[in-house]
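A.B. asks: Need coordinates for the below:
(one chain, ligands or ions: 1)
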Amino acid sequence: MTASPQAASKSVFRAALVQMCAGRDVARNVADAVALIGEAAAQQAAYVQTPECTTLMEVDTERLMAETKPEAGNASLAAFSQAAADKKIWLHIGSMAVKIGERRLANRSYLFAPNGDVSARYDKIHMFDVDLGKGEVYSESVNYQAGSNAVISELPWGRLGLTICYDLRFPALHRALAKAGASFIAGPAAFTRITGEAHWHTLLRARAIETETFILAAAQGGRHENGRETFGHSLIISPWGEILGEGGTEPGVVIGDIDTQRIDEVRRKIPSLTHDRVFSVVEERVSPLETIRK
Ligand SMILES: O=C(O)CNC(=O)[C@H](CS)NC(=O)CCC(=O)C(=O)O
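C.D. replies: The predicted model follows:
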């Protein structure tokens, strides 16, 4: 089915994920992203998502701080706003580093409406502070300030929950977004190759099945100028856990046709979101049998 933005109905639309291998030059990353956004719009996508770190993949703190001056950030936002308005699409910039203090950044998503206005912003909540071994250590909280609000925003086809990358490992955030009415949950990412190989597909399919939503996750993929290697494999997953679209390890566009009636079908079969329980865990200890008989 070819769903064009004009032809997109209230329940069926085409989504696209832009897969990138962002480097250390903001202007080039923005130009690369806008070109791929154009390719997605040319394939009739009505919602287009780019990955985490769309404008910059940089771990050196001094370079990171130099490349994220407000004027650079505003120029990037203006380019993305223009792209959304030119293509008349919902444009979800998976994330970009945004200066929020002298030497503090937010890892921030922007959702642009088809008229170029900013419809939603989300600051990544969970900071990737891990040691994967073999010298692969990440300390996102050194440069980035964690967000504190879970964010949901209205699209013409239903509500979109916003997450970023490492957030994927936290089911409670996804459940809160589903309970707040999300039909789609975005998970733009720059997953490491190591953890992507081990966990990416499993985590995304689990979040889709648990929340009975469509999961849309644009990814960074390949070996980046800063030496990092990311996993790629952008994924669009149905509420039943089926993979509707998948990228490889190269930059490109992943297309998926979304029919929101699938959500109702799945939730009628397995109304798990209504069976939710909150638990207080009781610790049991070994006791003589007779004390239990009383
Ligand atoms: O530091 C940057 O350049 C921008 N931020 C990232 O790339 C972030 C933090 S390092 N990456 C992740 O969160 C990977 C999560 C992941 O791979 C997992 O959960 O397994």
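A.B. asks: Pull up the distance across stretch 133-145, start to finish.
C.D. replies: Using C-alpha to C-alpha, to the nearest Å, one end of stretch 133-145 lies 24 Å from the other.
A.B. asks: How about stretch 134-143?
C.D. replies: 22 Å.
A.B. asks: what do you get for stretch 244-263?
C.D. replies: End-to-end for stretch 244-263, by C-alpha to C-alpha: 14 Å.
A.B. asks: try stretch 211-219
C.D. replies: 21 Å.
A.B. asks: Give me the distance between that stretch and the centre of its chain.
C.D. replies: 8 Å (C-alpha atoms, centre = their mean, to the nearest Å).
A.B. asks: can you tell me the average pLDDT over that stretch?
C.D. replies: Stretch 211-219 comes out with an average pLDDT of 99.
A.B. asks: Can that stretch be said to contact the ligand?
C.D. replies: No. Shown here: stretch 211-219 not in contact with the ligand (C-beta under 6 Å from any ligand atom), separated by at least 9.9 Å. All C-beta atoms are positioned from the backbone trio N, CA, C, and that covers glycine.
A.B. asks: Get me the contact residues on the stretch 1-150 of the chain for the ligand.
C.D. replies: 52-53, 57, 59, 128, 138, 140.
A.B. asks: In PyMOL, select just the buried ones from those residues.
C.D. replies: Remark: buried members of these, expressed as a PyMOL selection using 16 or more other C-beta atoms under 10 Å:
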select buried, resi 52+53+57+59+128+138+140
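A.B. asks: hey, which strand is longest across this protein?
C.D. replies: Secondary structure of the chain per DSSP state E: the longest strand is strand 90-101.
A.B. asks: now, which of the residues of the stretch 1-150 of the chain next to the ligand lie within strands?
C.D. replies: residue 138.
A.B. asks: Could you dump the residues of the stretch 1-150 of the chain next to the ligand into a markdown table and include distance to residue 182?
C.D. replies: A markdown table is the format used below for those (distance: C-beta to C-beta, whole Å):
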| residue | distance to residue 182 |
| --- | --- |
| 52 | 19 |
| 53 | 23 |
| 57 | 28 |
| 59 | 32 |
| 128 | 23 |
| 138 | 28 |
| 140 | 24 |
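A.B. asks: now the helix or strand immediately after the longest strand of the chain in the chain against strand 90-101, angle please.
C.D. replies: Next along the chain after strand 90-101, taking DSSP states H and E as the criterion, comes strand 104-112. Strand 104-112 runs at 160 degrees relative to strand 90-101, counting by axes from the mean of the first three to the mean of the last three C-alpha atoms, to 10 degrees.
A.B. asks: buried residues in strand 104-112?
C.D. replies: Those would be 105-112, for strand 104-112 by 16+ other C-beta under 10 Å.
A.B. asks: May I have the residues that are in contact with the closest residue to residue 145 other than its chain neighbours?
C.D. replies: Spatially, and ignoring its direct neighbours in sequence, residue 145 is nearest to residue 104 (5.0 Å; C-beta to C-beta, 6 or more residues apart in numbering). Residues in contact with residue 104 (C-beta atoms under 8 Å, 6 or more residues apart in numbering) are 143-145.
A.B. asks: ok, so of the residues of the stretch 1-150 of the chain next to the ligand, who is nearest residue 288?
C.D. replies: Nearest to residue 288 among those: residue 128, at 48.5 Å, using C-beta to C-beta.
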